[in-house]
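[1] Sequence plus the predicted model coming up.
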Amino acid sequence: MLILAWVSAFMYLMGLLSFCLNRKHLLLMLLSLEFVVVSLFFMLYLFLCLFSWEFYFLMVFLTMSVCEGALGLSLLVLLMRSYGNNYMISFNLLW
């Protein structure tokens, strides 16, 4: 069980690292953000299994992460239709 906790912590850190390194490309930022959410879900699942608690909070967490993903994809589609690319450089055109 301890090795799974280390794997999930490593997944979380690698997701944050890829989020920071791909800050100019919106689609890659969204993918790395979803990777962070999946690793947090895995950590939460391990925590709830360890103490044998109920899994209802996992459903709330998954619902919020799906809403976050849908919001990010709708923003991506809006930018693609408006400006034609998904680079963060085009955000300075919005201000």
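    Nice, I can see it.
[2] From here on, just use CA atoms for contacts and neighbour counts.
    Fine.
[3] neighbours around M64, how many?
    By other C-alpha atoms under 10 Å, 12 other residues sit near M64.
[4] Where does it sit, in terms of helix or strand?
    Using DSSP states H and E, M64 sits in helix 56-83.
[5] Does anything pack onto that helix? Which helices or strands?
    Packed against helix 56-83, as judged by 3 or more C-alpha pairs under 8 Å, 6 or more residues apart in numbering; DSSP states H and E, are the following elements: helix 26-50.
[6] Touching the helix it packs on from outside, list them.
    Residues from elsewhere that reach helix 26-50 (C-alpha atoms under 8 Å, 6 or more residues apart in numbering): 1, 4-5, 8-9, 11-12, 15-16, 18-19, 22-23, 54-55, 58, 61-62, 65, 69, 72-73, 76, 86-88.
[7] Tell me the buried residues within these.
    By neighbour count, with 16 or more other C-alpha atoms under 10 Å, these hold 8-9, 11-12, 15-16, 18-19, 65, 69, 72, 76, 86-88 as buried.
[8] Find the residue ranges of the protein scoring beneath the pLDDT cut-off.
    By pLDDT under 70, the low-scoring segments of the chain are 86, 88-95.
[9] Please repeat the previous calculation with a cut-off of 80.
    1, 79, 82-95 (pLDDT under 80).
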